[in-house]
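>>> Below are the sequence and a predicted model; questions follow.
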Amino acid sequence: MEYGEEGVIKQVTQNLKNQLMGRGIREGKMIRMDTKQPINGPVVITIDRSTTSLGLNLAKEISVEVKHDDTTDGSS
């Protein structure tokens, strides 16, 4: 994900599900990436109006389907 992108959590690595569920991070939830710190720093995300940070390695264990805004309506 890139800054400001939103998407739906599709999969969380099995061994992390219980740990992340307590933070509201579970499959089917909408997620937005707010910031990503440089040099393997943490990722700040928002889920259900709640903001949290995750280590980059932990964030990599979450599969997200990014929502793409298609504002093209075919008119010129």
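Thanks, I have it. Numbering: from 1, shown residues only.
>>> roughly how far apart are the residue nearest to E61 when sequence neighbours are not counted and G41?
Distances taken as C-beta to C-beta, 6 or more residues apart in numbering put T13 closest to E61, at 4.0 Å, once the chain neighbours are dropped. All C-beta atoms are positioned from the backbone trio N, CA, C, and that covers glycine. As judged by C-beta to C-beta, to the nearest Å, T13 and G41 stand 21 Å apart.
>>> ditto for T51
Taken as C-beta to C-beta, the span from T51 to G41 is 16 Å.
>>> same check, this time on S63
The gap separating S63 from G41 is 21 Å, by C-beta to C-beta.
>>> Report how many residues lie close to N57.
For N57, the neighbour count with other C-beta atoms under 10 Å is 8.
>>> and the helix or strand hosting it, which residues are buried?
Using DSSP states H and E, N57 maps to helix 56-59. For helix 56-59, the neighbour count (16 or more other C-beta atoms under 10 Å) marks L58, A59 as buried.
>>> Would you mind giving both backbone torsions of the residue nearest to G55 when sequence neighbours are not counted?
Leaving aside its chain neighbours, G55 sits nearest to P42 (5.6 Å; criterion: C-beta to C-beta, 6+ apart). The phi and psi values for P42, taken as degrees, to the nearest 10, are phi -70, psi 160.
>>> can you check M21 too?
phi -60, psi -40.
>>> and N15, helix, strand or coil?
The local conformation at N15, judged by DSSP: H, G, I helix; E, B strand; the rest coil, is helix.
>>> ok, what's across the strand from the residue nearest the centre of the chain?
In the chain, the centroid-proximal residue (C-alpha atoms, centre = their mean) is I31; its distance is 4.3 Å. I31 has these beta-bridge partners by DSSP bridges: G7.
>>> How about the contacts made by it?
M1, E6, G7, V8, I9, I25, I45, T46, I47, I62, V64 (C-beta atoms under 8 Å, 6 or more residues apart in numbering).
>>> from what I can see the second one touches E65, true?
To tie it back to what came earlier, the one meant is E6. No. E6 is not in contact with E65 according to C-beta atoms under 8 Å; the separation is 10.2 Å.
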